[in-house]
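A.B. asks: Output the structure for:
(chains A, B and C)
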Amino acid sequence: MIANEYIASQKRTNSEAFKTKTKTKDDSTVKDETKTNDLITSLKEKRNQTAKSILDFDFKKKRVQILSQAKEIKESDSSGGILYWMFRDCRVQDNWALLFAQKLALKNELPLNILFCLPQKYLEYNARHYKFLIKGLEEVQEECDELNINFNVCVGEPAIQVVDFIESNHIQGVVCDFLPLKDCMQWQESVLNQIDSNQIPFIRVDAHNIVPCWIASDKLEYAARTIRNKINSQLSQYLQQYPPVIQHKYNNKNIINKKKIDWNDVLNQLKYDKSDELINNNEITWAEGGTSNGLKMLQSFQQKRIQLFGTKRNDPTISALSNLSPWLHFGHISAQRCVLVIQELKSKYTESVNSYCEEVIIRRELSDNFCYYNINKYNKLDGAPSWAQLTLKQHSKDKRTYLYTLDELQHGRTHDDLWNSAQIELYKTGKLHGFMRMYWAKKVLEWTESPEQALQYALYLNDQYALDGNDPNGYVGCMWSICGVHDQGWGEREIFGKIRFMNYQGCKRKFDIKAYIARWGGKEYNKKQETIPFKKLKK
DNA sequence: ATCGGCTCGCGCAA
DNA sequence: TGCGCGAAGCCGAT
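C.D. replies: Okay, the predicted model is just below:
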């Protein structure tokens, strides 16, 4: 199907939805199993062609940070082996952290273990997130069983549970993945402090970024333009094909007599808010966790949507986006794999592929850069650049034409039918179109009492409802919209100050807002006369 | 529909 | 110190 026909068919779908008010099935759900299996098979072949195992592969040492005094595995009588403490990157293949752990284990002829430890309460995770996450872990477990890797899951305080696992299993080396958020960084530091780091190497691997976060830049970057060259100039070095994680050679005595994991029991041990009706009444059906489901979505992007990405990515009535962010957030698929697959189409859809790479490489890595070098304030107003803090402060007392409570925002009950539609899309589907996210967050700034409250509400709603919430990308998205992070000053207005402004009118110009509103059913609540409440300030 | 002006501060050359 | 440049924007002219 050529692009124009495809757009036309989507417009038909939208108008049908408008007439019948029935749910339309997202066309990005892939039904063709055989073709997807082809992709999974072809990736397997590609890995096997790349190297026999990680030992035969040019592993980039810069992906690794050795945090302990001990730099190498020490000889020991009791061979508990190597532990990969998995947290952010929940997949077996295409995972530099697991590959590095297997490399250590093979080189030292040791067994290989994985531990995934879930805290009882984690950020704003709820049933929606846990269901997705656990589905992915089940797949990891199955793959580990086939590969002679000892996979374990536990619920509890990671800093305690991981140390306990290391001690009781006589682990000789620990590999963890990289997530530049406060909790995770603190757990890792705490584990490092509790173990004998003169004896046990403790190693962090950036399995999430293509160019490792600490290599891409050694400082807090100011904007996309300041990190772009730093990443692009090193990209060819790091954008390698993955070798396979292979069947592990060294047997693990822990595997014998191992109890089967009771996933319901895991879920029941978690403490999260179960009372939110918007979550309980809106089961997510378009996206299920796990690597193979993520690869299905990647394949449908490659086959159906990438061609539209260049020109239609800011049109929320057209399905032109990858829709991969939930799987990327939970680490069920790797961004590097997405780039490798999509770049095969570079000569065919040059503009689209370049735009996609800008988002999945530069913008994503910029988010990690922001959190890593701003670890105590990546979700606070203090984390904003000083010009933005100043201008927001100067305008914090400006009169707000509309003021909404968290509850009104949550249910999509504002005067703005477009905004309400975005909020409905968010709570019903667990995702919000990339362009609408910006508009959505900027209006929260406009309709709440202060920038602090706006940021708090936007982050809460995003983390609560979006499958890809609770992630550096989400934090930076809200910070960009509300407090100017990675952006620059613009013409001064009320409330916004110099923060970039967005409005209803602009959306009207850009896409068919009626189709979007019809699709999600946002209504106007208590609309006042004034529709555009700002006049540009004169100097 | 498309385009240029607006506006701002970092980064770099001087 | 001054200038060029980018920017997921808006707005008005054509």
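
A.B. asks: Quick check: residues of the stretch 151-300 of chain A near DNA strand B?
C.D. replies: A:Glu221, A:Tyr222, A:Thr226 (Cβ under 7 Å from any atom of the strand). For glycine as for every other residue, the C-beta is placed from the backbone atoms N, C-alpha and C.

A.B. asks: out of those residues, which is most surrounded?
C.D. replies: Highest neighbour count within those: A:Glu221, with 19 neighbours (other Cβ atoms under 10 Å).

A.B. asks: and the residue of chain A nearest DNA strand B?
C.D. replies: With Cβ to the nearest atom of the strand, the shortest gap between chain A and DNA strand B falls at A:Gly489, namely 2.9 Å.

A.B. asks: check contacts around that residue.
C.D. replies: A:Trp387, A:Ala388, A:Thr391, A:Lys498, A:Ile499 (Cβ atoms under 8 Å, 6 or more residues apart in numbering).

A.B. asks: In terms of helices and strands, where is A:Ile231?
C.D. replies: Taking DSSP states H and E as the definition, one finds A:Ile231 inside helix A:224-238.

A.B. asks: residue nearest the centroid of chain A?
C.D. replies: A:His329 (2.5 Å; Cα atoms, centre = their mean).

A.B. asks: how deep is the closest residue to A:Asn108 other than its chain neighbours tucked in, by neighbour count?
C.D. replies: Take A:Asn108 and drop its neighbours on the chain: the residue closest to it by Cβ to Cβ, 6 or more residues apart in numbering is A:Ile73, 4.6 Å away. Around A:Ile73 there are 19 other residues, counting by other Cβ under 10 Å.

A.B. asks: Quick check: residues of chain A near DNA strand C?
C.D. replies: A:223-225, A:228, A:314, A:359, A:363, A:434-435, A:437-438, A:477, A:480, A:488, A:490-491, A:500-503, A:505-507, A:509-510, A:532.

A.B. asks: and the residues you listed, which are buried?
C.D. replies: A:228, A:314, A:359, A:363, A:434-435, A:437-438, A:477, A:480, A:500-503, A:507 (16 or more other Cβ atoms under 10 Å).

A.B. asks: which of the residues you listed sit farthest apart?
C.D. replies: A:Arg228 and A:Asn503 (28.5 Å; Cβ to Cβ).

A.B. asks: Let's see stretch A:502-520 as PDB, backbone CA atoms only.
C.D. replies: Provided in PDB are the C-alpha atoms of stretch A:502-520 (Å, rounded to 0.1, in the frame of the first residue of the first chain):
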ATOM      1  CA  MET A 502       1.500  25.900  22.300                       C
ATOM      2  CA  ASN A 503      -2.200  26.400  21.700                       C
ATOM      3  CA  TYR A 504      -5.400  24.900  20.300                       C
ATOM      4  CA  GLN A 505      -5.100  27.200  17.200                       C
ATOM      5  CA  GLY A 506      -1.800  25.700  16.400                       C
ATOM      6  CA  CYS A 507      -3.200  22.100  16.500                       C
ATOM      7  CA  LYS A 508      -6.000  23.200  14.300                       C
ATOM      8  CA  ARG A 509      -3.600  24.300  11.700                       C
ATOM      9  CA  LYS A 510      -1.600  21.200  11.900                       C
ATOM     10  CA  PHE A 511      -4.100  18.300  11.800                       C
ATOM     11  CA  ASP A 512      -7.700  17.400  11.700                       C
ATOM     12  CA  ILE A 513      -8.600  18.000  15.400                       C
ATOM     13  CA  LYS A 514     -12.200  17.000  14.800                       C
ATOM     14  CA  ALA A 515     -11.100  13.500  13.800                       C
ATOM     15  CA  TYR A 516      -8.900  13.200  16.900                       C
ATOM     16  CA  ILE A 517     -11.600  14.500  19.200                       C
ATOM     17  CA  ALA A 518     -14.200  12.100  17.600                       C
ATOM     18  CA  ARG A 519     -11.900   9.200  18.100                       C
ATOM     19  CA  TRP A 520     -11.500   9.700  21.800                       C
END
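
A.B. asks: next one: that stretch to chain centre, how far?
C.D. replies: In terms of Cα atoms, centre = their mean, to the nearest Å, the centre of stretch A:502-520 is found 26 Å from the chain centre.

A.B. asks: show me what contacts the residue nearest to A:Asn108?
C.D. replies: Here A:Ile73 is in contact with A:Ile82, A:Leu104, A:Lys107, A:Asn108, A:Leu110, A:Gln172, A:Gly173, A:Pro201 (criterion: Cβ under 8 Å, 6+ apart).
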